[in-house]
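A.B. asks: below: sequence and its predicted model.
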Amino acid sequence: MTRISVNVDGTTYEDDVEPRLLLAHYLRDRLGLTGTPIGCDTSNCGACTVDLDGATVKSCSVLAVQTDGCAVTTIQGLAQDGEWTALQRAFHEQHGLQCGYCTPGMIMAARDLLRENPHPGPDEVRQALEGNLCRCTGYQNIVRAVLAASGHQDPEAASASGHQVGEEVSA
Amino acid sequence: MTDQAVAPEVGRRRLRKEDARLITGQTNWTDNIQVAGLLHLAILRSPMAHARITRVDVSPALERPGVLAAFSGADLTEGLGSLPCAWPVTEDIVLPDHPPIAVDEVRYAGDPVAVVVARDRYAAADALEAIEVDYDPLPPVLDLETALAPDAPLVHSDKGTNRCYTWPLATGESFEAVRDRAEVVLKRRYHQQRLIPNAMEPRAVVVTPLAASGEYTVYSATQIPHILRVMLAVVTGVPEHKLRVIAPDVGGGFGSKLQVYGEEALALAVARKLGRPVKWTESRSEGALATHHGRGMIQDVELAATREGRLLGLKVGLLADMGAYLMLVTPGIPILGAFMYPAIYKMDAYEFHCTGVFTTRTPTDAYRGAGRPEATFAIERIMDELAAELGLDPVELRRRNWIRHEEFPYTTIAGLTYDSGNYEAATDKALALFGYDDLRAEQRERNRRGDPVRLGIGVSTYTEMCGLAPSRVLRDLRYAAGGWEAASIRMLPTGKVEVVTGTSPHGQGHETCWSQIAADVLGVPFEDVEVVHGDTRAAPQGMDTYGSRSLAVGGEAVHRAARTVVEKARKVAAHLLEASERDLEFTGGVFSVKGSPEARRTIQEIAFEAFTNHDLPDGVEPTINAEHVVDPENFSYPHGTHLCAVEVDTETGRTRIRSYVCVDDVGRTVNPMIVEGQVHGGLAQGIAQALYEEAVYDDDGNLVTGTLADYLVPSAADLPDFVTDRTETPASSNALGVKGVGEAGTIASTPAVVNAVVDALRPLGVHDVRMPCTPERVWRAVKEASA
Ligand code: FES
Ligand code: FES
């Protein structure tokens, strides 16, 4: 057991954890912060994406002990005083989710993109979300949501303009 | 009349009620559930496709820290019956025993062999490694054709055959006769590769026992809480009234959670044994092995036609991979497809023949369209081959054969009566949006230049069979359940409304759409409606969500229940207003007397009156609640036209989707935003089948695409921006006029994409590419054609 002190969504927790405990399980099972879901065991799906000291990480590929002294932000820490962020609103308004399982990770990954590139084009959005899988939406409305949150007046037209599948953005 | 189906809420782009909790992470996934004393269940699975179990020793696991119990299959047989197959499609079908956990033989890699229960999930997973199992390998059965040979090794040796069933259908003239007079006869073989559903939420189940009363609450990431309750009672012997099944928020299903899984029965059995709450959550790679797969068919298709391109007859021979066991509806999936091969076309003869085959692979069952995408693929691919053979434009060939809009209702050669549709309108709209003629001109130009990057154009016109299903039809197909759906409306004393539905959504937006329907009929604000679902106590009756049945059957039940509420309220209103019922108008939630609009009562006031029971007319019971159970009178038949343009690099084999246009007719639209979203999601899956996804097994029967790292679920970067549009031909089989949309995108897109790929390569002599059309397969097809 190792003692860690970590701030999650504004609250500091002191805990003894097994060295092998994944951050995703620490958040979910120990802290009861179940807003961050787990979708895979190979770090491919992105459902578990959180913010760790300003960097976006997949919480299933970080150990809880590594977060000692760090600040973690999950989807549950985004809305302040019940006010959704622009991204959360945009996902709602653009129908960027269906079952919603991928949504926390999508929003956290999109948040990271907009921090680094406040006005991305559709291809940049698609590229940035490559590590986040969604099985319901076909991604189109997710892309529109991110474009809308970044201030595109007409995300529908923006997402349709010039996106070339399999060009520079493909895996 | 109070039929307000076209009133403001229905047809409106309403933002979803569901989103608030999903966007803020306040969800209720099954794996989120924590209860005092919860134990974690982990399952040891067979590493081999086929073997005899000679020894299982779980005792070393018991010495591991945190472990409370461990059981072999033999330890759990008592009180645990065979998992159900509810669709024995023929009288003489082979129905093997399907224990939730293997006892003496494993039949696919992933078959459960032993379980461990521990204080946390890490301890449980660790302890699995300590269990000792000895296997005596048996030969795997992997090839659908050789599996039927007399000397083939057997998946179920006690059955003496790998043939599960044969199911024939022949209608119209004899196929032999029309083949004789046909001027063109084409014969093709198509492969429907196995797909792994990969709903983003892995399956999970939590069982909490209440020892004092012998009750159990089962939380499951399931599409079918009601059916699961019945079936768990049958499998475990826990009486049905002592079982409550709850499907909390469910993170996608696509058919893979339309199932009664062994793990659900095991969790219940272990919770019963230990008297403690138990949770099992699958990992993604466990899910790849143990959650049922989709597709898995070989289709031999023969099409007979005249030189003018008039279809005369169709013959389909199908080998369908059942996998190792029959799950809930496994044998029925190809049968659903049987009715859809003739699609939207007129012809004189149709012959279908299906053989279900056992293999030592993960069982197959319903997946995204369930039989209908496979059928649509085969007919739409061979239609393109016929067009090429006859030198006709593929759209023109379809025009010459489809049912014209003035011919509806039309009974197809397969015996289905299509109520309404307009293939011409949808196709014309799609062609215009797509810029068909310009793209064809560009294609000719590129072919003339010998451009190494070829342009291909694929079309697919389709219809599907939704609104599953009239119970009598299900009886005729030997499906062991009804096709009805239930809804009730509870008008609360304060005028707020609870809509209770028997459907059980997992991303489809029922809470929003059902609110729209009820708000319209009752004339109450959308915000005043709450939809209750997915809990057999709160919503006691239902047949759940699958096969695009929710809106056409479940939404219709809500609609009718709401109308009954209005009729009950009308009686009360007439009494209070001292008017005759006939003289009352009802609009916007207000009853008023014709000609004297100041005499009025709102439906909320009447709900309160019905609650107090102070002044109700004689013979009217308190409350104006209503319940309706609807059995559909017919299926509904959405249809549409999908067009895809691809660029195929003949030097690298790489396919790039240049544009994708679809026009779908899903009947009347309740929420266009949700319809569009559902189409997008379906397109993603259909395109993925065409280009990316496949469950691959090695020669020993091991799944080699068992994680998301190997199995190519497309990301945002792999898919295009879609152009979607609609035509609206209302269904006549329900009062709402709705048809269903969940699978349209999946069904239509796979053939559209593959037709486009083949169209690009046809000038080089390529006539087919097997799915998924990976760069390697495309490149090889080009090389072989030019060799
Ligand atoms: S759960 Fe972390 S990437 Fe899938
Ligand atoms: S909304 Fe269901 S996985 Fe993305």
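C.D. replies: Alright, I've got the coordinates. Ligands and ions are numbered 1, 2, ... in the order given.
A.B. asks: ok, now how distant is the residue of the stretch 51-200 of chain B at minimum distance from chain A from ligand 2?
C.D. replies: Nearest residue of the stretch 51-200 of chain B to chain A (CB to the nearest CB) works out as B:Met200 at 4.1 Å. C-beta: built from backbone N, CA, C; applies to glycine. Per CB to the nearest ligand atom, to the nearest Å, B:Met200 is found 4 Å from ligand 2.
A.B. asks: so which strand or helix has that residue?
C.D. replies: Counting by DSSP states H and E, no helix or strand carries B:Met200.
A.B. asks: what's the neighbour count on it?
C.D. replies: 27 (other CB atoms under 10 Å in any protein chain shown).
A.B. asks: now the residue nearest to it when sequence neighbours are not counted: phi and psi?
C.D. replies: In this structure, B:Met200 finds its nearest non-sequential neighbour in A:Tyr101, 4.1 Å apart by CB to CB, 6 or more residues apart in numbering or on different chains. Phi and psi for A:Tyr101, reported as degrees, to the nearest 10, are phi -70, psi -40.
A.B. asks: quick one: contacts for A:Tyr101?
C.D. replies: A:Pro37, A:Gly39, A:Ala47, B:Trp29, B:Ala199, B:Met200, B:Glu201, B:Gly251, B:Gly252 (CB atoms under 8 Å, 6 or more residues apart in numbering or on different chains).
A.B. asks: quick one on the thing from earlier: my guess is the residue of the stretch 51-200 of chain B closest to chain A meets A:Met106, correct?
C.D. replies: No: B:Met200 is beyond contact range of A:Met106, at 10.5 Å (criterion: CB atoms under 8 Å).
A.B. asks: mutual contacts of those two, please.
C.D. replies: With CB under 8 Å, 6+ apart, B:Met200 and A:Met106 have common neighbours A:Cys134.
A.B. asks: how many neighbours does the closest residue to chain A within chain B have?
C.D. replies: Residue nearest to chain A within chain B: B:Gly25 (2.1 Å; CB to the nearest CB). Neighbourhood size, B:Gly25 [other CB under 10 Å]: 23.
A.B. asks: can you get me a residue count around the residue in the stretch 651-787 of chain B that ligand 1 sits nearest to?
C.D. replies: The nearest approach of the stretch 651-787 of chain B to ligand 1 comes at B:Leu708, 7.4 Å away (CB to the nearest ligand atom). B:Leu708: 23 surrounding residues under other CB under 10 Å.
A.B. asks: what does chain A have sitting close to ligand 1?
C.D. replies: Proximity of chain A to ligand 1 is confined to A:Ile38, A:Gly39, A:Cys40, A:Ser43, A:Asn44, A:Cys45, A:Gly46, A:Ala47, A:Cys48, A:Lys58, A:Cys60 under the rule CB under 6 Å from any ligand atom.
A.B. asks: in the sheet, which strands lie alongside the helix or strand containing B:Tyr216, parallel or antiparallel?
C.D. replies: Using DSSP H and E, B:Tyr216 falls within strand B:215-220. Sheet pairing of strand B:215-220 (DSSP bridges) gives strand B:204-210 (antiparallel), strand B:243-246 (parallel).
A.B. asks: ranges for the helices of the stretch 351-500 of chain B?
C.D. replies: B:372-390, B:394-401, B:423-434, B:436-449, B:471-476 (DSSP state H, counting those that start in this stretch).
A.B. asks: sorry, slip of the keys, the one I care about is chain A.
C.D. replies: A:23-25, A:86-93, A:103-116, A:122-128, A:140-149, A:155-160 (DSSP state H).
A.B. asks: can I get the ones you listed in a markdown table including distance to ligand 2, mean pLDDT and mean neighbour count?
C.D. replies: Formatted as a markdown table, those follow (distance: least, CB to the nearest ligand atom, whole Å; pLDDT from 0 to 100; neighbours: other CB atoms under 10 Å in any protein chain shown):
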| stretch | distance to ligand 2 | mean pLDDT | mean neighbour count |
| --- | --- | --- | --- |
| helix A:23-25 | 17 | 98 | 23 |
| helix A:86-93 | 10 | 98 | 21 |
| helix A:103-116 | 6 | 98 | 23 |
| helix A:122-128 | 15 | 97 | 23 |
| helix A:140-149 | 8 | 98 | 28 |
| helix A:155-160 | 17 | 80 | 19 |
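A.B. asks: and stretch B:77-89, how far from the chain's centre?
C.D. replies: Distance of stretch B:77-89 from the chain centroid (CA atoms, centre = their mean, to the nearest Å) equals 22 Å.
A.B. asks: picking that back up, out of the helices of the stretch 351-500 of chain B, which is the most enclosed?
C.D. replies: Stretch with highest mean neighbour count among the helices of the stretch 351-500 of chain B: helix B:372-390 (a mean of 25; mean count of other CB atoms under 10 Å in any protein chain shown).
A.B. asks: same for that one, what does it pack against?
C.D. replies: strand B:184-195, strand B:294-305, helix B:332-338, helix B:394-401, strand B:453-463, helix B:744-761 (3 or more CB pairs under 8 Å, 6 or more residues apart in numbering or on different chains; DSSP states H and E).
A.B. asks: which residue lies nearest the spatial centre of chain A?
C.D. replies: Nearest to the geometric centre of chain A sits A:Met108, at 2.3 Å (CA atoms, centre = their mean).
A.B. asks: list the contacts of residue 24.
C.D. replies: You didn't pick a chain, so chain A it is. So A:Ala24 contacts A:Thr36, A:Ile38, A:Cys48, A:Lys58, A:Ser59, A:Cys60, A:Val62 (CB under 8 Å, 6+ apart).
A.B. asks: switch to chain B, that's the one I care about
C.D. replies: Applying CB under 8 Å, 6+ apart, we find B:Thr24 in contact with A:Gly35, A:Ile75, A:Gln76, A:Leu78, A:Ala79, A:Trp84, A:Gln88.
A.B. asks: the residues you listed in strands, which ones?
C.D. replies: Using DSSP state E, no member of those sits in strands.
A.B. asks: okay, now A:Ile118: neighbour count?
C.D. replies: In this structure residue A:118 is Pro, not Ile. 10.
A.B. asks: and the contacts of B:Thr24, which two are the farthest apart?
C.D. replies: A:Gly35 and A:Trp84 (13.5 Å; CB to CB).
A.B. asks: between the two, which one's more packed in?
C.D. replies: A:Gly35 (25 against 18).
A.B. asks: quick one on the thing from earlier: same list (the strands paired with strand B:215-220) but as TSV, adding mean neighbour count and mean pLDDT.
C.D. replies: TSV is the format used below for these (neighbours: other CB atoms under 10 Å in any protein chain shown; pLDDT from 0 to 100):
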stretch	mean neighbour count	mean pLDDT
strand B:204-210	23	97
strand B:243-246	22	98
